[in-house]
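S.K.: After the sequence you'll find the predicted model.
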Amino acid sequence: MIMNMLRNITADNPRSLIKPVVYTTAANLAAVIPFALLVEAARLIFDPFVHPGIPLDTARLWWVCIGLAVSLLLLFIFEIPAYRAQYRDAYSAAAEGRSRLAEHLRKLPLGYLNKRDPGELAHRMTGDFAMLEHGISHLVPQLIGAAVMPVLALIGLSFLDWRLALSLFAALPAAIGLVLLTSGIQRKLGSQHVRAKIEASNRLQEYLNGIRVIKAYNLTGERFVRLERSFSELMRQSIRLEGLLGPIVLSAMACVRAGLTLMTMAGVHLLLGGSLEVTTFVAFLIIGTRIFDPLTTALAGYAELRYCEQAGERIVQLLREPVMQGERQPPADHDVELKQVTFGYRDQPVLRDVSVSIPAGSFTAFVGPSGSGKSTILRLIARFYDPEKGVVTMGGEDLRAMDPEALLHKVSMVFQDVYLFQDTIAANIRFGRSSATREEIEEAARLACCHDFILKLPNGYDTMVGEGGSTLSGGEKQRISIARAMLKNAPILLLDEATASLDPGNEAEIQKAIDRLVRGRTVIVVAHRLKTVQHADRIVVLDQGRVVEQGRHDELLSAHGLYARLWRRQHDAGERRTKSV
Ligand SMILES: Nc1ncnc2c1ncn2[C@@H]1O[C@H](COP(=O)(O)OP(=O)(O)OP(=O)(O)O)[C@@H](O)[C@H]1O
């Protein structure tokens, strides 16, 4: 159980506790020396009163004083590295754990991440790791201090007088029992509190992300009520947690402190009975007032330690989620084939029994009504997901056997929803190839028709873009993502055409950039405007997740099927637009 707890508190890296534990134990052992010396000083001072005729041993008293000074110096020497080890190791363990978790999340199937609440994942990265930092830097060393000091004191004091030692520690089991017995309730309330925190942070994120929609549709009242409700729930859970914890911790502390009263009463009784020396009693009084300090602090921190354990448990669970398997390097042959593929994001099937063959170097387009599964096919080819039934192959080999990261080296992607990071334009293009030089970035930008608009920005290539690319127009973001793909220069290009209508200038620029990008590659396009793919080697028509037709543009037109209807509809709409201008 303890090992499990340590594993959780350190996010599956218990070695990070070694240094803090060793140094803290040494510092706590050193902290015992001044107590022993104080006991000796008390004995030396009180001896002449208890045994009249014995002179005050001033020479020994001086040695005790020197010993005290040396022990304080020793304590200082041990405490500095203990302090550093606690903090440095706690923060580096959390930093290392966060990177490990981020890396792990990247390798998990997207299907898993889709099912998870993004707020909950963010909380694990930030809140849960912050708790671990606090646990490693404060709570675990506190607990060690709390264990080392009283145990040593109990042993040492038993030699002085076992009856007083026993009375001093008599109430301790009750305090520990109380904390342990209520740990189930603490755990339950702790989980509810974390859930309330996640809900509040999700609602806040939703509110901030959707602030434009909220303003546009005047939803201020309704959305704000949801947000306020989550804050109220968080407040309620926080009060419940503290309301329960407070009395438990205070009762446990009272039990611990009751030991001192018990010991004093026993001491007075034994002293009056003549079976206890005054010097021994004084020694117990000196130690008794201080010995429980670390223990009461640790009791106050114990509940928090359990929350840290829960936080660690959540992180460890996530770290143990199986990542996408596959070690084979992708083959040099880039023929792609879907064989009887069935796939759905949740229970609802999106693709049904889809079989399509895409020869290397060809231009293949997927078309069909909205929601028919076109983009999903691209995601399966990039192995963001694995099919439920059937296989996707490259060069005749099942993608599931391939290393997902190595596979992504073969594929460039230009998606509808371009995401730009909060960084400079140059850095955002460099995501295509991290080793690219500035000249290569500019060349890719020129080919993607974005060099000119980048130069017009305040700091050119060094202009910062807002998170998600919010400071650029949709067309500009698309062109930046084409520049990324240019830079990556992968043999297979997956292109998901933007559905949002762009202004004619932007549309022409993007088309020019795409025409350059597709040269000499295996190109797989999801097309919404059929005229952009009428020269494709093959057009695959999807409807409700099934392939209903495939062939060249002319063949499909003369088949008078769904493609012909879609073509006519778009053609007529285009004519109407032209006439109305
Ligand atoms: N991440 C997801 N989780 C759950 N369902 C999803 C997810 N992505 C897409 N879907 C659903 O799967 C279906 C197919 O989506 P897909 O994006 O492949 O269609 P599409 O043909 O590309 O549509 P569009 O032309 O509108 O872009 C849709 O019903 C969509 O709601």
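M.R.: Nice, I can see it.

S.K.: show me what contacts the residue nearest to the spatial centre of the chain?
M.R.: Among the residues of the chain, M125 comes closest to the average C-alpha position under C-alpha atoms, centre = their mean, at 2.2 Å. Applying C-beta atoms under 8 Å, 6 or more residues apart in numbering to M125 gives the contacts 98, 101-102. Yep, even glycine has a C-beta here, placed from its N, CA and C like the rest.

S.K.: that's a strand at it, yeah?
M.R.: No. Under DSSP: H, G, I helix; E, B strand; the rest coil, M125 sits outside any strand and is assigned helix.

S.K.: quick one: it from E309, how far?
M.R.: 18 Å (C-beta to C-beta, to the nearest Å).

S.K.: before we move on, the earlier item: ok, the residue nearest to the centre of the chain to N8 distance?
M.R.: Taken as C-beta to C-beta, the span from M125 to N8 is 16 Å.

S.K.: What residue in the stretch 151-300 of the chain comes nearest to the ligand?
M.R.: N209 (16.9 Å; C-beta to the nearest ligand atom).

S.K.: and that residue, how many neighbours?
M.R.: Neighbour count of N209, defined by other C-beta atoms under 10 Å: 11.

S.K.: quick one, longest helix in the protein?
M.R.: Counting by DSSP state H, the longest helix found in the chain is helix 220-273.

S.K.: quick one: it to chain centroid distance?
M.R.: On the basis of C-alpha atoms, centre = their mean, to the nearest Å, helix 220-273 sits 30 Å off its chain's mean C-alpha point.

S.K.: do stretch 289-306 as well
M.R.: Distance, stretch centre to chain centre, for stretch 289-306: 30 Å (C-alpha atoms, centre = their mean).

S.K.: Where does pLDDT dip in the stretch 301-450 of the chain?
M.R.: For the stretch 301-450 of the chain, no stretch has pLDDT under 70.

S.K.: where do the helices sit along it?
M.R.: Listed in chain order, the helices of the stretch 301-450 of the chain (DSSP state H, counting those that start in this stretch) span residues 374-381, 404-409, 425-430, 438-447.

S.K.: and the last one, what does it pack onto?
M.R.: The criterion is 3 or more C-beta pairs under 8 Å, 6 or more residues apart in numbering; DSSP states H and E, and the helices and strands that helix 438-447 contacts are helix 425-430, helix 451-455, helix 474-488, helix 504-517.

S.K.: Output that helix as CSV, nothing but the C-alphas.
M.R.: Below are the C-alpha coordinates for helix 438-447, written out as CSV (Å, rounded to 0.1, in the frame of the first residue of the first chain):
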residue,chain,number,x,y,z
ARG,A,438,15.1,30.8,-42.8
GLU,A,439,15.7,30.8,-46.6
GLU,A,440,13.9,27.4,-46.9
ILE,A,441,11.0,28.8,-44.9
GLU,A,442,10.7,31.9,-47.1
GLU,A,443,11.0,29.8,-50.2
ALA,A,444,8.1,27.5,-49.0
ALA,A,445,6.1,30.7,-48.2
ARG,A,446,6.7,32.0,-51.7
LEU,A,447,5.5,28.8,-53.3
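
S.K.: Give the buried residues for it.
M.R.: By 16 or more other C-beta atoms under 10 Å, the buried positions in helix 438-447 come out as 440-447.

S.K.: How is this structure divided into domains?
M.R.: Domain assignment for the chain by automatic domain parsing gives 2-319, 330-406+524-581.

S.K.: looking at those domains, which one has the lowest mean pLDDT?
M.R.: Here the lowest mean pLDDT among those goes to domain 2-319, at a mean of 83.

S.K.: Which residues of the stretch 51-200 of the chain lie near the ligand?
M.R.: N114 (C-beta under 6 Å from any ligand atom).

S.K.: can you pull out the helices in the stretch 51-200 of the chain?
M.R.: Using DSSP H, counting those that start in this stretch, the helices of the stretch 51-200 of the chain run over residues 58-107, 110-115, 118-123, 129-134, 140-160, 162-169, 172-181, 183-209.

S.K.: Would you mind telling me which of these is nearest E507?
M.R.: Among the helices of the stretch 51-200 of the chain, the nearest to E507 by C-beta to C-beta is helix 183-209 (27.8 Å).

S.K.: what helices or strands is that closest one leaning on?
M.R.: Counting by 3+ C-beta pairs under 8 Å, 6+ apart, helix 183-209 packs on helix 118-123, helix 220-273, helix 293-319.

S.K.: what does this structure put close to the ligand?
M.R.: Counting by C-beta under 6 Å from any ligand atom, the chain sits next to the ligand at 114, 345, 350, 370-376, 499, 526.

S.K.: Make a markdown table from these and add neighbour count to it.
M.R.: Formatted as a markdown table, these follow (neighbours: other C-beta atoms under 10 Å):
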| residue | neighbour count |
| --- | --- |
| N114 | 12 |
| Y345 | 14 |
| V350 | 18 |
| S370 | 7 |
| G371 | 12 |
| S372 | 22 |
| G373 | 26 |
| K374 | 23 |
| S375 | 19 |
| T376 | 24 |
| T499 | 12 |
| V526 | 23 |
